[in-house]
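> 3D, please:
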Amino acid sequence: MLARRCSWVLLCSALALPACQSDDDTDDEQGPNNPSPSSWLVGDQGEMLRLTSDEGEVSTYPLEIATDLTGIACMGQATAWVAGERGTVLVSHDAGEAWTTIDIGTTADLRSIAVSESLPGQETVWVTGDDGAALRTTDGGRTWNRVPGPALDFSAVATQETGDIAFFTALDGSVWRSAHGDPMTEALSPGDHALYDVALSHHGDTVVVVGEAGHIWLSHDGGARFAALEAATALDLHAVHLAQDRETLVAVGEAGVVVRIDPSGARVQQTLGPGQALYDLHLRADGLGQAVGMGGVVLLTEDAGQQWRPVETGYSNDLWGVDDFHTTPHL
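Prediction:
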C-alpha cells in the first residue's frame, strides 16, 4: 500500500460519530439516536476501531473480514461506507450495529471512497483504486456503473455535497474529473510526483490535491486551472482537509508531518520520527480531530490541527482511514 486512500465529502455538515457496539463494551447504550463524540478508524486485516474524541478511549468493532480496509466515508448520523482490497465494500445504515457486504462488480484493490449528502438508500457513492477501477452508485449501492477512464492506479476520489462531480488523483501525478459518471476528463497532466489525495469544497468549486515530496495543487475554478502552492516541506503528503473558508487547508504525511496553510502563511510541524507516516486525518469546526497512520499510530487535536497528542491504542496494524458521523460542522 503506497499511501492512505480515503476521501469523503468535505465541508458538508459534519461529523461526530455515534458509538458502534464493541465486543468489550456490551453495556454501551449509544446508537443512532444517542450520538457520542467518537470516530471510526479502519486499517489492515479488517481492523476497525472506535475512538472517543474527548478521552481518547479505544474499543474494537470486530468484523468477520480479514481484508485490508483502506477508506471510510460517513453520511448523516447512521450511515457509513467502507472500502478495501479485492473490491471490498461494506455499508452500515444503523451506526454500525450491522454491516452489509456489497458486490460492486470488481476485485480490484480499492483505495478510496466518497459519499454524497442524501437520504439513506439514495446516496451517491464513488469508489476508486488500482488498474483504473472507478465505480459509482446513485441509489445507495443497489446498482453500480463503471466510470470510463484511463487504466491508471487511482489513489483517491472526492465528491461534493450532491455527489454529481468527482475528482480522482492518480499515482502518475495526474488529476481526473467526472460529472454524473460520464467519462473522465484530465484536469491536471501527469507530473514527476505521485498524487495521494484530493479534497473538494461544499459546491466543488475549490479543489486541492497533495502528494509526493510536499506537492500541493489548488484550483478555485472547479479544476479548470491548478496552481502550485508552497508547502515548505519536501516530505510526502498523504491526506488533506480543506476548511469551509476555502483558503485554509491541513495536510499530513511522511514522518507525521502536518502542514497548515491559511491566509497568514504556511506552518509545518513534524509529529513522528523518520520511517513513520500519517495516512489520514479528520477535523471538525469545534477543533476536535484525529490523524491515523503507520503501525496503528493515532494522534488527537483539540485546536484544529495546530497541536497534536498521541493516543495509545494497543493495536499495531496500519490505519488508513478515519471519519465520524455528521452532527457538527467541519473545520
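> any idea how far Val198 is from the nearest residue to Gly43 once chain neighbours are set aside?
Leaving aside its chain neighbours, Gly43 sits nearest to Leu319 (3.9 Å; criterion: C-beta to C-beta, 6 or more residues apart in numbering). For glycine as for every other residue, the C-beta is placed from the backbone atoms N, C-alpha and C. Going from Leu319 to Val198 by C-beta to C-beta, to the nearest Å gives 20 Å.
> name the residue in those two with the higher neighbour count.
The neighbour comparison of Leu319 against Val198 (other C-beta atoms under 10 Å) goes to Val198, with 32 against 29.
> give me the low-pLDDT residue ranges for this protein?
1-37, 53-56, 326-331 (pLDDT under 70).
> on the three-state scheme, Cys74 is what?
At Cys74 the chain is in strand, as set by DSSP: H, G, I helix; E, B strand; the rest coil.
> also Gln269?
Recorded secondary structure, Gln269: strand (three-state DSSP).
> residues in contact with the closest residue to it other than its chain neighbours?
Nearest residue to Gln269, sequence neighbours excluded (C-beta to C-beta, 6+ apart): Val258, at 5.1 Å. Val258 makes contact with Val250, Ala251, Val252, Val268, Gln269, Gln270, Thr271, Leu278, Ala291, Gly305, Trp308 under the criterion C-beta atoms under 8 Å, 6 or more residues apart in numbering.
> can you flag the buried ones in those?
By neighbour count, with 16 or more other C-beta atoms under 10 Å, the contacts of Val258 hold Val250, Ala251, Val252, Thr271, Leu278, Ala291, Gly305, Trp308 as buried.
> what's across from the first one in the sheet?
This points to Val250. His241, Arg260 (DSSP bridges).
> right, and it touches Asp280 too?
No: applying C-beta atoms under 8 Å, one finds Val250 not in contact with Asp280, separated by 11.8 Å.
> and the furthest pair within the buried ones among the contacts of Val258?
Spanning the widest gap among the buried ones among the contacts of Val258 are Ala251 and Trp308, at 13.4 Å by C-beta to C-beta.
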